[in-house]
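[1] Need a 3D model of the following:
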Amino acid sequence: MTTTPVDTPTPAHVLDSPFLKAIVQQIRANDAYGTYRNWSDELLLKPYVVTKAQKREISVDGDVDPITKGRIPAFYRSIAHRIETETGMLCQVVIDLSHEGFGWALIFSGRLLLVARTLQDAQRFGFDSLEKATLEGEKLVEAEIALANRFPEVGKL
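    Residues are numbered from 1 along each chain as shown. Next up, the predicted model:
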């Protein structure tokens, strides 16, 4: 198994993934001051890459830093956005995260709970590569689209 260094340019086909485009869209949509307006997509996504060595260096004893607290909701809102796009069902995201890095990420539509993820050690939130972030996100999106299509009447309540 080979890993690419964080500074290696990300292949264009990875950046063209609908899931990563949704993350970039979420980051820019929540940028009230236009700070990220001229940043490249790759630069916006770079904080999502946290290697195992970097994770070991991050202490879980302190509070979750604000930048990491912003990355987590953007990731789950991207999943919700992709589900909405594919199913037409309005999705809501709820993130309950303590300052210690523990909590929940929920995505629901109507009364249908699509995603219920436990968050722990949120200080270390990230993926080995953007490819792995895409795989994780798309895996969740596909599973939840199948669930939403299986119970559409519950999602409309």
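[2] For this structure, which element, helix or strand, carries the lowest mean pLDDT?
    Here the helix or strand of the chain ranked lowest by mean pLDDT, DSSP states H and E is helix 12-15, holding a mean of 68.
[3] Met89 should be in a strand, yeah?
    No - assignment of Met89 by DSSP: H, G, I helix; E, B strand; the rest coil gives coil, placing it outside any strand.
[4] give me the low-pLDDT residue ranges for the chain?
    Low-confidence segments of the chain, defined by pLDDT under 70, are located at 1-14.
[5] switch the cut-off to 50
    1-6 (pLDDT under 50).
[6] circling back to that earlier point, identify each buried residue in the helix or strand that comes right after the least confident helix or strand of the chain, please.
    Following helix 12-15 in sequence order, the next helix or strand is helix 18-29 (DSSP states H and E). Residues of helix 18-29 classed as buried: 19-28 (neighbour count, 16 or more other Cβ atoms under 10 Å). C-betas here are computed from N, CA, C, even on glycine.
[7] Also stretch 92-110?
    For stretch 92-110, the buried set under the neighbour-count rule, 16+ other Cβ under 10 Å, comprises 93, 95, 97, 101, 103, 105-110.
[8] List the ones among those that fall in strands.
    When these are checked against strands using DSSP state E, the ones located there are 93, 95, 97, 103, 105-109.
[9] In JSON lines, list these along with distance to Glu42.
    Written out in JSON lines, the entries for those read as follows (distance: Cβ to Cβ, whole Å):
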{"residue": "Val93", "distance to Glu42": "24"}
{"residue": "Ile95", "distance to Glu42": "25"}
{"residue": "Leu97", "distance to Glu42": "26"}
{"residue": "Gly103", "distance to Glu42": "29"}
{"residue": "Ala105", "distance to Glu42": "25"}
{"residue": "Leu106", "distance to Glu42": "30"}
{"residue": "Ile107", "distance to Glu42": "26"}
{"residue": "Phe108", "distance to Glu42": "32"}
{"residue": "Ser109", "distance to Glu42": "31"}
